[in-house]
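J.: Need a 3D model of the following:
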Amino acid sequence: MATLLRGAPVATALCERLAGRIEALEQAGITPGLAIVRVGERPDDIAYERAASRRAERLGIVVHRTVLDKNCSQDDLEQAIDVVNADASVHGCLLLRPLPAHLDERSACERLSSSKDIDGITPGSLAGVFCGFDTGFPPCTAAAVMELLDFYHIELSGKRVAVVGRSLVVGRPLALLLLGRDATVTLCHSRTNNLAEVLRQADIVVAAVGRAGLIDAACVQPGQTIIDVGTNWDENLGSLVGDVAHDQVDPLVAAVSPVPGGVGSITTAVLASHVVEAAERMVDSQ
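T.: The predicted structure follows:
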């Protein structure tokens, strides 16, 4: 049976490392500030907002919340983002997405100052990830995968890693982060020919395509590490499930992250760490 790579101890260790950095900022007269901008009342947005707020406030990060009506105009949204950009007490902003269909999400993301983009939604942040520069921030979920791998001492240099999923939220930025750690990365997706064969050749498989049970016994081999980033609601089970068919995969591989309780439980800690780093960068720039 595979070793379970649980996210809770990873998040705890990350938050413990943040405590001293936040104290140092406060001694310099800086209290890290997080702005959360939400449009509408989507239950998943509200749940993530609550989780992120609880994590941040426990660490001593001040949270500023802006909630707009689901029918708000593009101007309303962009004015709210402008307020965040102009507020010196805010070091990082989380814009909850997806936005309602009538809003231009790309324009809203581009409106946010790259220096306050802590979730990799602006072109500036993504360019930093692409170039390997120490500017901007990668998306929190992609960064959470790296935190998980590091916490469990999973070697990346020279290893073959197959990432299934090509979104800008996880797949593509994660592939670049892995390349930056000297992994040999294959970026796959749901239409990759002979997907199972490709995945069996990898040392590490990261599933982030958003299709429940896509990675099954035919896709894995003994000794592999499987990171399940998928979040899918199973109506029959009435619960959250990943992209991995865990009943088939877990008895075969060396290690696997569960859903829930894996990567997702690390993301709010990563978000907090990005806020702290953004505050530190501001101090350094001054």
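J.: buried set for stretch 19-37?
T.: By neighbour count on 16 or more other Cβ atoms under 10 Å, the buried set for stretch 19-37 is 21-22, 25, 30, 32-37. Using the backbone N, CA and C atoms, a C-beta is placed for each residue, glycine as well.
J.: again with stretch 200-212
T.: Going by neighbour count (16+ other Cβ under 10 Å), the buried part of stretch 200-212 is 202-210, 212.
J.: In helices, which of the buried residues of stretch 19-37 fall?
T.: 21-22, 25 (DSSP state H).
J.: Closest one of the residues you listed to E49?
T.: Taking Cβ to Cβ as the measure, E49 sits nearest to I22 out of those, at 20.8 Å.
J.: Around the closest residue to that closest one other than its chain neighbours, how many other residues sit close by?
T.: In space, not counting the residues next to it along the chain, I22 is nearest to G60; the distance is 5.2 Å by Cβ to Cβ, 6 or more residues apart in numbering. Around G60 there are 16 other residues, counting by other Cβ atoms under 10 Å.
J.: doesn't T31 make contact with G60?
T.: Yes. Contact status for G60 versus T31: in contact at 7.2 Å, counting by Cβ atoms under 8 Å.
J.: mind listing what's buried in the one helix or strand D150 maps to?
T.: Secondary structure from DSSP states H and E places D150 in helix 140-151. Neighbour counts over helix 140-151 (16+ other Cβ under 10 Å) mark 140-149, 151 as buried.
J.: now swap in stretch 52-71 and tell me
T.: Across stretch 52-71, burial judged by 16+ other Cβ under 10 Å covers 52-53, 55-56, 59-61, 63, 66-68.
J.: Quick check: the nearest residue to I266 once chain neighbours are set aside vs I227, distance?
T.: Closest residue in space to I266, ignoring its immediate chain neighbours: A144 at 3.9 Å, by Cβ to Cβ, 6+ apart. Relative to I227, A144 is positioned 10 Å away (Cβ to Cβ, to the nearest Å).
J.: One more: C15?
T.: From C15 across to I227, the span is 21 Å (Cβ to Cβ).
J.: Which one's more surrounded, these two?
T.: Per other Cβ under 10 Å, whichever of C15 and I227 has more neighbours is I227, with 26 against 17.
J.: Now do the same contact list for the more buried one.
T.: I227 is in contact with 5, 145, 148-149, 204-207, 256-257, 262-263, counting by Cβ atoms under 8 Å, 6 or more residues apart in numbering.
J.: and if you look at R21?
T.: 276, 280.
J.: Let's have the buried residues of helix 140-151 in a markdown table, adding distance to D234 and pLDDT.
T.: Written out in a markdown table, the entries for the buried residues of helix 140-151 read as follows (distance: Cβ to Cβ, whole Å; pLDDT from 0 to 100):
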| residue | distance to D234 | pLDDT |
| --- | --- | --- |
| C140 | 24 | 97 |
| T141 | 20 | 97 |
| A142 | 24 | 98 |
| A143 | 27 | 98 |
| A144 | 22 | 98 |
| V145 | 22 | 98 |
| M146 | 28 | 98 |
| E147 | 27 | 98 |
| L148 | 23 | 98 |
| L149 | 26 | 98 |
| F151 | 28 | 98 |
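J.: Could you point out which of those is nearest to V241?
T.: Among the buried residues of helix 140-151, T141 lies closest to V241 (Cβ to Cβ), at 16.8 Å.
J.: Show me which of the buried residues of stretch 19-37 is closest to V185.
T.: For the buried residues of stretch 19-37, the residue nearest V185 by Cβ to Cβ is R21; the value is 30.3 Å.
J.: okay, that closest one: pLDDT?
T.: Note for R21: predicted pLDDT of 97.
J.: And the contacts of stretch 42-52?
T.: Everything outside stretch 42-52 that qualifies as a contact, by Cβ under 8 Å, 6+ apart, is 34, 36, 38, 63, 65, 94, 96, 268, 271-272.
J.: Spatially nearest residue to I30 (excluding sequence neighbours)?
T.: Once chain neighbours are set aside, the closest to I30 by Cβ to Cβ, 6+ apart is A279, at 5.6 Å.
J.: Kindly report the same for L195.
T.: Ranked by Cβ to Cβ, 6+ apart and with sequence neighbours excluded, the top spatial neighbour of L195 is C188, at 6.0 Å.
J.: okay, now the one you found: neighbour count?
T.: By the other Cβ under 10 Å criterion, the neighbourhood of C188 contains 23 residues.
J.: Does the helix or strand where V185 lies pack against any helices or strands, and if so which?
T.: For V185, the enclosing helix or strand under DSSP H and E is strand 184-188. Identification of packing neighbours for strand 184-188 by 3 or more Cβ pairs under 8 Å, 6 or more residues apart in numbering; DSSP states H and E yields strand 160-164, helix 171-179, helix 195-200.
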